[in-house]
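> Sequence and predicted model, in that order:
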Amino acid sequence: MPETIVINGKSIDRGEKVLTKLVVSKLPSGTVIEIPVYVFRSVHDGPVVLLLAGMHGDEVNGTEIIRRMITRKMLYPLKGTIIAVPILNIYGFLNFSRQVPDGKDVNRSFPGNRDGSLASRVAHRFMKEVMPYIDYGVDFHTGGASRTNYPQIRCVMANKKNEELARAFSAPFILNASYRQGSLRKEASKSGKSILVFETGESLRFDDRGIKEGIDGTCRLLHHLGMMASAPAPQEETKVCMKDIWLRAKNAGLFRSTIKIGDYVKKNQNIGSITDPYGEMEVRLNAPANGYVVGLNNMPVVNQGDALLHIAF
């Protein structure tokens, strides 16, 4: 851990707690867009851990996880440093949107470019100011497009440090998930930094159970790293899933599910149906594999190709 961390031109020494704001750009109105960055430093040497949310502006559960931990004063580490960013994509947050105004996804824009698109500029500023100090981190996400996710950690299990941190977090599910091009997780891995992705709930809605899982899991991770004195035990046994599959709609229409998020299903088990709006067509839907339902579409109106069900095994 460095003696001094410099973010946004501000020097932050051991033992300090600082809020600084990264200026990213301006709205057409001239309003300045700033990303708040909280830094909590112990006087004792230790790892630097990132807690990041709001990569996608409509994913509010991660923001609430970090907000609660800040207000409850849970982020003062016994050793090392915690850097907390409750909202990275301020643009999307203000507009209830996954993307920034130019339609690009920040989490497909890393490492970014100072002179690139708006999403690329957000990614570049974060990589330049914050990422050099990080050892480990949790990137909090939420299911998008009316799809809900059961609380889960996603990481590359072949990476032993990833596996160690994921098991320490002890979410209900750990999914082996490969890196995606342009993602923060992939870019961090190039520098030997381990970033876990925590998923829970659906966009624009609080998932209280998942928020609690996120807080408790973060405490367990910090406790594992020696940064927190104690942490709550997991409420359920962690299930490790090395593979996963999506069931997609072959027909457009009205989707009705007969199973719930978190259920275990068997291959060819009926999981619901798609009908037309007029009562002339009904298509039975069967599970494509044995496994746990870790993602479920809550939207009743679906198009061909829409993701309906995420099964992990």
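In hand now; what should we look at?
> biggest helix in this protein, by residue count?
helix 208-224 (DSSP state H).
> And it, what's buried?
Neighbour-count burial for helix 208-224 flags 210-224 (criterion: 16 or more other Cβ atoms under 10 Å). (Glycine included, C-beta is placed from N, CA and C.)
> Could you tell me how far the very next helix or strand once past that helix lies from the centre of the chain?
Remark: after helix 208-224, the chain's next helix or strand is strand 239-241, criterion DSSP states H and E. Its chain's average C-alpha position is 18 Å from that of strand 239-241, according to Cα atoms, centre = their mean, to the nearest Å.
> Going by contacts, tell me the helices and strands next to strand 239-241.
Using 3 or more Cβ pairs under 8 Å, 6 or more residues apart in numbering; DSSP states H and E, the elements in contact with strand 239-241 are strand 173-176, strand 291-297.
> Just checking: what are the partner strands of the longest one?
Yep, that's strand 291-297 we're talking about. Applying DSSP bridges to the sheet, strand 291-297 is found paired with strand 147-155 (antiparallel), strand 264-265 (antiparallel), strand 307-312 (antiparallel).
> CA atoms only for it, dumped as CSV, please.
Extracted C-alpha coordinates of strand 291-297, given in CSV (Å, rounded to 0.1, in the frame of the first residue of the first chain):
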residue,chain,number,x,y,z
GLY,A,291,-29.4,-26.5,-13.2
TYR,A,292,-30.3,-23.6,-11.0
VAL,A,293,-32.3,-20.6,-12.3
VAL,A,294,-29.9,-17.7,-11.7
GLY,A,295,-31.6,-15.3,-14.1
LEU,A,296,-35.3,-14.8,-15.1
ASN,A,297,-37.1,-12.5,-17.4
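> So what touches that strand?
143, 145-150, 152, 173, 175, 239, 241, 244-246, 255, 257, 259-265, 271, 306-313 (Cβ atoms under 8 Å, 6 or more residues apart in numbering).
> now the helices for this protein?
Using DSSP H, helices in the chain cover 60-71, 90-94, 118-129, 160-169, 184-189, 208-224.
> Now distance to residue 293 too, for the ones you listed, in a markdown table please.
Output for the helices of the chain, formatted as a markdown table (distance: least, Cβ to Cβ, whole Å):
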| stretch | distance to residue 293 |
| --- | --- |
| helix 60-71 | 19 |
| helix 90-94 | 28 |
| helix 118-129 | 32 |
| helix 160-169 | 20 |
| helix 184-189 | 24 |
| helix 208-224 | 15 |
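> want to try a markdown table for those, with mean pLDDT as columns?
Formatted as a markdown table, the helices of the chain follow (pLDDT from 0 to 100):
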| stretch | mean pLDDT |
| --- | --- |
| helix 60-71 | 98 |
| helix 90-94 | 91 |
| helix 118-129 | 94 |
| helix 160-169 | 97 |
| helix 184-189 | 95 |
| helix 208-224 | 98 |
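> Can you say which of those is nearest to residue 47?
Of all those, helix 208-224 sits nearest to residue 47, with 9.6 Å by Cβ to Cβ.
> CA-only coordinates of the closest one in CSV, if you can.
Output of helix 208-224 as CSV, limited to C-alpha atoms (Å, rounded to 0.1, in the frame of the first residue of the first chain):
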residue,chain,number,x,y,z
ASP,A,208,-33.5,-6.0,-0.5
ARG,A,209,-32.4,-9.6,-0.1
GLY,A,210,-29.7,-9.1,-2.7
ILE,A,211,-28.6,-5.8,-1.2
LYS,A,212,-28.1,-7.5,2.2
GLU,A,213,-26.2,-10.4,0.4
GLY,A,214,-24.0,-7.8,-1.2
ILE,A,215,-23.2,-6.0,2.1
ASP,A,216,-22.6,-9.3,4.0
GLY,A,217,-20.5,-10.7,1.2
THR,A,218,-18.4,-7.5,1.0
CYS,A,219,-17.9,-7.8,4.8
ARG,A,220,-16.8,-11.4,4.5
LEU,A,221,-14.3,-10.4,1.7
LEU,A,222,-12.9,-7.6,3.8
HIS,A,223,-12.6,-9.8,6.8
HIS,A,224,-10.8,-12.4,4.7
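> Show me what it is packed up against.
Applying 3+ Cβ pairs under 8 Å, 6+ apart, one finds that helix 208-224 makes contact with strand 48-52, helix 60-71, strand 136-143, strand 147-155, helix 160-169, strand 194-202.
> Which strands or helices does the last one pack on?
Using 3+ Cβ pairs under 8 Å, 6+ apart as the contact criterion, the secondary-structure elements in contact with strand 194-202 are helix 60-71, strand 136-143, strand 147-155, helix 160-169, helix 184-189, helix 208-224.
> Kindly report the same for the third one.
Using 3+ Cβ pairs under 8 Å, 6+ apart as the contact criterion, the neighbours of strand 136-143 among helices and strands are strand 48-52, helix 60-71, helix 160-169, helix 184-189, strand 194-202, helix 208-224.
> and the third one, how far out from the chain's middle?
If you compare the mean C-alpha spot of helix 160-169 with that of the full chain, they lie 16 Å apart, counting by Cα atoms, centre = their mean.
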